[in-house]
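Undergrad: Let's see this in three dimensions:
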Amino acid sequence: MNFNNLDQLYRSVIMDHYKNPRNKGLIEDGTLTVDMNNPTCGDRIRLTLNVEDDIVEDVKFEGEGCSISMASASMMTEAITGQKVEKALNMGDEFSKMMLGEDYDITDDMGDIEALAGVNQFPARIKCATLTWKALEKGVKEPGDE
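TA: Numbers count the residues shown, from 1 in each chain. Predicted structure coming up:
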């Protein structure tokens, strides 16, 4: 597959997650709720999680933003559902490395996340892509401060 076809495939995956978001909504009585926004472009996200016995049992999001931020949120919720919290945070670390153009290790259990790899060519959009991952990190590492 040549670069143009791969780029088009990635664009279609991103648009599918944007137009048909997975896990959109809120978890009533979730164990964690985190609100974050990206003031430079106006993206905002509310992430709700149910974490039991250190496993992300359920995760949902609501928000408004560009196709990159909303697709990333959809992809992230699919990737971390059923994972141990530590593994979900490690996924976020690998995603951040990918966004920064560093060596990264995206595994099959991270789903469609690698479709966002090209975002690192647009520095202004990196914050869009990482918003939900930063919300996860904030909620898990600072649970009383969200």
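
Undergrad: So, low pLDDT: which residues of this structure?
TA: 1-6, 143-146 (pLDDT under 70).

Undergrad: Can you show me the strands along it?
TA: 32-38, 43-52, 55-64 (DSSP state E).

Undergrad: So in the protein, which helix runs the longest?
TA: Longest helix of the chain, by residue count under DSSP state H: helix 123-141.

Undergrad: CA atoms only: put that helix into CSV for me.
TA: This file holds the C-alpha atoms of helix 123-141, laid out as CSV (Å, rounded to 0.1, in the frame of the first residue of the first chain):
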residue,chain,number,x,y,z
PRO,A,123,2.1,20.7,16.2
ALA,A,124,-1.1,22.8,16.8
ARG,A,125,-3.2,19.7,16.6
ILE,A,126,-1.2,17.5,19.1
LYS,A,127,-3.0,19.0,22.1
CYS,A,128,-6.3,18.1,20.3
ALA,A,129,-5.3,14.5,20.0
THR,A,130,-3.9,14.2,23.6
LEU,A,131,-6.7,16.0,25.4
THR,A,132,-8.6,12.8,26.5
TRP,A,133,-5.4,11.0,27.3
LYS,A,134,-4.4,13.9,29.6
ALA,A,135,-7.9,13.7,31.2
LEU,A,136,-7.3,10.0,31.9
GLU,A,137,-3.9,10.7,33.5
LYS,A,138,-5.3,13.6,35.6
GLY,A,139,-8.3,11.6,36.8
VAL,A,140,-6.2,8.5,37.8
LYS,A,141,-3.2,10.3,39.3
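
Undergrad: Report all helices and strands that it contacts.
TA: strand 32-38, strand 43-52, helix 67-80, helix 85-99 (3 or more C-beta pairs under 8 Å, 6 or more residues apart in numbering; DSSP states H and E). In this view, the C-beta of every residue, glycine as well, is placed from N, C-alpha and C.

Undergrad: Tabulate the ones you listed (JSON lines), appending distance to residue 142.
TA: Output for the helices and strands packed on helix 123-141, formatted as JSON lines (distance: least, C-beta to C-beta, whole Å):
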{"stretch": "strand 32-38", "distance to residue 142": "9"}
{"stretch": "strand 43-52", "distance to residue 142": "13"}
{"stretch": "helix 67-80", "distance to residue 142": "17"}
{"stretch": "helix 85-99", "distance to residue 142": "13"}
